Every structure is written in structure tokens, then in C-alpha cells.
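Chemist: Got a predicted structure here, sequence first:
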Amino acid sequence: MWDPETYLAFGDHRARPFHDLLARVGTRDPGLVVDLGCGPGTLTRLLAKRWPSATVMALDSSPEMVQAARERGIHAELCDVRHWSPAPGTDLVVCNAVLQWVPEHAELLRQWMRELPAGGWLALQVPGNFSAPSHAEAARLAAEPRWRDLFDLRGPHRVLEPAGYAAVLTHGAAELDVWETTYLHRLTGSDPVLEWVTGTALRPVRAALSAAEWEEFRQELAPRLRAAYPAGADGVTWFPFRRIFAVAQVG
């Protein structure tokens with residue numbers, strides 16, 4: 001289950017890669033724009049603002065996120081990315097921080113590149129920090145005897161390196177831009193890295209545990225993350241976060 005409020009606790013930080021992704025999309029006057037994995041809809045509004053004459057379709061697999069988007073005035077619908085195909089006339093597909101949850105997404109990308117019309121655009125961004133302490137420490141804790149039979153943090157994250165996305169998208173692409181960026185987020189407050197991953201990577205843990213077990217897991221994880229990401233004397237925790245981007249125009 002997704003918690004939109006927890007996810008949005010770091011909304012400004014999470015929005016920056018979206019802006020960087022859109023900056024590389026060259027379409028001028030699209031008719032149909034699809035926000036595939038729209039979340040709570042806060043970034044969907046940026047698509048409508050940039051292309052005011054376009055029809056913007058917002059889709060997400062989480063009922064909680066769809067409801068949050070609708071409460072923001074976004075016409076959002078439930079949709080599983082694995083079962084989605086571009087409708088005729090789709091000019092731009094934006095898939096922001098979604099595909100890491102879909103192990104088979106490389107084949108989906110190939111399929112979408114075949115199905116999008118000539119001149120159509122596909123823009124994606126995925127986190128590339130699953131080996132970082134923020135995720136590795138949680139996985140190590142989850143593998144301990146107390147927790148290992150209750151949930152599995154070894155998946156479903158399956159992201160490629162930038163060269164992997166280049167190889168997947170190059171066939172049929174008239175233009176292709178693939179890159180990575182490591183953001184250094186300035187966080188404050190109590191256990192900010194723990195709070196960050198609570199809204200994303202720890203979702204499977206939260207869903208599998210009772211309220212008491214969830215709090216116990218957090219209490220065990222918190223000191224590990226503090227050690228990995230110590231706050232400075234000014235109370236600031238610097239949190240490196242690597243992300244991988246790809247923007248393709250279909251030939």
C-alpha cells in the first residue's frame with residue numbers, strides 16, 4: 001500500500017528528477033500525453049502546464065495514489081503498467097520512478113517503442129541506488145532470522161545500468177539520450193533517511209508487518225542508517241541518490 005502523505009514528505013527532492021527528465025523531451029505540441037505511474041498527481045500538473053493544449057492521461061496501479069490524484073483535480077485512473085499499451089495518437093509517455101517495481105520492464109520498453117507512432121516520445125527515470133546503504137542496510141536487516149520469513153526485500157527492483165537502457169531503446173529510436181545523475185539531498189530532522197525510504201523502499205515491509213512489528217523494524221534500522229548517513233554539527237544529513245534517465249524519440 002502506498003501512503004501519499006509519506007511519499008510527499010520529500011516532494012521537492014522527488015520532483016527535481018522529473019523536471020530534469022522533461023527538460024530533455026523535445027516534443028512541442030503533443031496531442032496525448034500519458035503520465036504512467038502518476039502517483040499523487042503533483043507532477044502530472046506540470047505536464048498540463050507545459051503542454052496546455054494536450055490531453056493528459058494519468059494512470060497508476062495504487063488505489064491510494066489514484067484517489068490522492070483525484071483529490072488534486074487530476075483525472076486519474078487505475079492501471080497496471082504491465083498491462084498498458086499506447087493508444088493510437090499517443091505522443092509522449094512519461095514513466096517517472098515506476099519501472100523499478102516491474103522486473104520485466106525492459107521488454108515493456110521494447111514493446112512500447114514498437115507501438116508508439118513515429119515521432120512519439122518515451123521518457124523514463126528510475127532510481128539507481130539499490131546498492132547504497134539506504135537500501136542495503138534494510139535488506140541486511142530483513143535477511144536476519146527475526147524477519148526473513150515475513151517478507152523479502154531482494155526484489156522486485158530490477159534496474160539496468162545506463163548502457164542497458166541505451167541498448168533496449170536504441171532499436172527504432174530516431175533520437176536517444178541516456179544519462180545518470182547523483183543528487184546530494186540536504187535533509188534535516190530526526191532520522192531523515194529512514195523517513196525517506198519509509199515512503200518508497202520499505203513499502204513491502206510496512207505492508208507485511210503488524211503495527212508493532214513495523215515499529216520494531218524501524219527502531220532496529222534507524223541506528224544503522226544514522227551510522228551510514230551521520231548528521232553534521234548543523235543538523236544536516238547529506239543523502240546521495242543516484243538516478244538513471246532515458247529519453248527516446250521513435251523514428
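Modeler: Received it, and whenever you're ready, just let me know what you need.
Chemist: For H19, which non-adjacent residue is closest in space?
Modeler: Nearest residue to H19 in three dimensions, chain neighbours excluded: L46, at 7.6 Å (C-beta to C-beta, 6 or more residues apart in numbering). Using the backbone N, CA and C atoms, a C-beta is placed for each residue, glycine as well.
Chemist: Could you double-check that the one you found lies in contact with L22?
Modeler: Yes - L46 is in contact with L22 according to C-beta atoms under 8 Å; the separation is 7.1 Å.
Chemist: And these two? Which one has more around it.
Modeler: Per other C-beta atoms under 10 Å, whichever of L46 and L22 has more neighbours is L22, with 19 against 16.
Chemist: ok now do the more buried one, which residues does it touch?
Modeler: If you count contacts by C-beta atoms under 8 Å, 6 or more residues apart in numbering, L22 has them with 46-47, 50, 94, 123.
Chemist: Can you read off the pLDDT for it?
Modeler: The confidence metric pLDDT takes the value 96 at L22.
Chemist: From V34, how far off is it?
Modeler: Here L22 is placed at a distance of 14 Å from V34 (C-beta to C-beta, to the nearest Å).
Chemist: same question, S210
Modeler: Going from S210 to V34 by C-beta to C-beta gives 38 Å.
Chemist: Mind checking which of these two has more residues around it?
Modeler: Using other C-beta under 10 Å as the criterion, S210 and V34 rank with V34 on top: 24 against 9.
Chemist: To which secondary structure element is the more buried one assigned?
Modeler: According to DSSP states H and E, V34 maps onto strand 32-36.
Chemist: got it, and V93?
Modeler: Per DSSP H and E, V93 falls inside strand 90-96.
Chemist: tell me the contacts of the residue nearest to H19?
Modeler: With contacts defined as C-beta under 8 Å, 6+ apart, L46 is in contact with 18-19, 22.
Chemist: list residues touching both of L22 and V34?
Modeler: With C-beta under 8 Å, 6+ apart, L22 and V34 have common neighbours V94.
Chemist: chain center to stretch 25-35: distance?
Modeler: Averaging C-alpha positions (C-alpha atoms, centre = their mean, to the nearest Å) puts stretch 25-35 20 Å from its chain's average.
Chemist: buried residues in it?
Modeler: For stretch 25-35, the neighbour count (16 or more other C-beta atoms under 10 Å) marks 25, 27, 30, 32-35 as buried.
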